[in-house]
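**Q** no FASTA, just this:
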């Protein structure tokens with residue numbers, strides 16, 4: 001049976017680290033537009049909506065082809081607002097209109113770098129593995145250290161420094177996997193029951209290292225622009 005997947009891209013007008021970042025031009029288009037276009041380009045049947053409290057962002061979303069079926073209430077657009085209530089608000093809206101989704105794909109606009117097949121691969125993995133939630137991650141080598149604990153004198157490693165492995169000898173199980181924040185795919189009942197984007201049987205969706213960019217600072221913005229330019233053949237904001 002075909003799964004109804006709601007794709008929600010939450011953006012709000014306020015931003016502390018990079019003011020107005022969701023509307024800022026990035027490699028020739030507003031930051032928000034990248035995630036919308038990626039979702040609309042997927043071959044999976046996604047209902048793509050943007051949840052925002054900001055009319056300027058809503059207009060950017062509409063121009064990019066996304067639906068903005070409501071304006072997000074102010075109490076869900078505060079600095080301390082968690083993402084889960086925002087997604088649950090979108091689920092409730094669609095359910096009230098008779099379109100309760102089977103699952104929700106959450107895309108963070110602040111992670112604009114995704115490869116052309118990423119969203120379709122995520123949906124395929126989600127459906128084939130039968131997990132309840134899928135978390136986008138990028139692999140990290142195990143060369144991590146912890147500072148010395150209180151009362152101890154030495155820092156400790158997550159690997160054996162006396163037998164440091166060569167990177168090319170590392171197996172998939174030797175790696176750590178960092179949550180990117182870019183993509184989550186979750187069964188609707190997990191939100192309804194656990195009020196969390198992650199719950200039940202969890203799967204890891206391994207993304208390319210370039211897709212791990214999360215824009216919190218102006219430096220992140222410049223890095224994302226460079227990577228998007230490399231991926232899409234863009235120079236100084238123009239396609240080449």
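**A** Perfect, I can see it now. What you are looking at is a predicted structure, and each value in this text was computed from that prediction instead of being measured. Numbering: from 1, shown residues only.
**Q** mind checking how far the spatially most central residue of the chain is from residue 122?
**A** In the chain, the C-alpha nearest the mean C-alpha coordinate belongs to residue 182, at 1.7 Å (C-alpha atoms, centre = their mean). Counting by C-beta to C-beta, to the nearest Å, the gap from residue 182 to residue 122 is 10 Å. To be clear about C-beta, it is placed using only N, CA and C from the backbone, and glycine gets the same treatment.
**Q** residue 233 too?
**A** Residue 233 is 25 Å from residue 122, where distance means C-beta to C-beta.
**Q** neighbour count winner among the two?
**A** More neighbours surround residue 122 than the other of residue 233 and residue 122, with 24 against 10 (other C-beta atoms under 10 Å).
**Q** mind checking the SS state of the more buried one?
**A** In terms of secondary structure, residue 122 is helix; the call rests on DSSP: H, G, I helix; E, B strand; the rest coil.
**Q** likewise for residue 110?
**A** coil.
**Q** same deal with the one 3 residues further on?
**A** Three-state secondary structure (criterion: three-state DSSP) places residue 113 in coil.
**Q** so for it, what's the pLDDT?
**A** With respect to pLDDT, residue 113 has a value of 96.
**Q** which of the residues in stretch 175-190 are buried?
**A** For stretch 175-190, the neighbour count (16 or more other C-beta atoms under 10 Å) marks 177, 180, 181, 182, 183, 184, 185, 186, 187, 188, 190 as buried.
**Q** oh, that last question was meant for stretch 38-55, not what I typed.
**A** Neighbour counts over stretch 38-55 (16+ other C-beta under 10 Å) mark 38-39, 42, 44, 46-54 as buried.
**Q** surely residue 197 and residue 88 touch.
**A** No - Residue 197 lies out of contact with residue 88 (C-beta atoms under 8 Å); the separation is 10.2 Å.
**Q** name whatever forms a beta bridge with residue 186.
**A** Beta-bridge pairing for residue 186 (DSSP bridges): residue 104, residue 133.
**Q** check contacts around it.
**A** Residue 186 makes contacts with 103, 104, 106, 132, 133, 134, 197, 198, 199, as judged by C-beta atoms under 8 Å, 6 or more residues apart in numbering.
**Q** now do 7 Å
**A** Residue 186 makes contact with 103, 104, 133, 197, according to C-beta atoms under 7 Å, 6 or more residues apart in numbering.
**Q** burial count for the last one?
**A** Applying other C-beta under 10 Å, we find 19 other residues in the vicinity of residue 197.
**Q** list the contacts for it?
**A** 83, 84, 87, 106, 133, 184, 186.
**Q** and it, which of the three is it?
**A** Using three-state DSSP, the structure places residue 197 in coil.
**Q** picking that back up, top of the contacts of residue 186 by neighbour count?
**A** residue 104 (25 neighbours).
**Q** surely it touches residue 10?
**A** No - applying C-beta atoms under 7 Å, one finds residue 104 not in contact with residue 10, separated by 11.0 Å.
**Q** run through the helices of the protein in chain order.
**A** In the chain, the helices defined using DSSP state H lie at 31-41, 55-64, 83-96, 118-129, 188-194, 218-232.
**Q** any chance of the ones you listed in a markdown table, plus distance to residue 150 and mean pLDDT?
**A** Listed next are the helices of the chain as a markdown table, based on distance: least, C-beta to C-beta, whole Å; pLDDT from 0 to 100:
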| stretch | distance to residue 150 | mean pLDDT |
| --- | --- | --- |
| helix 31-41 | 42 | 96 |
| helix 55-64 | 46 | 96 |
| helix 83-96 | 34 | 96 |
| helix 118-129 | 42 | 97 |
| helix 188-194 | 34 | 96 |
| helix 218-232 | 33 | 90 |
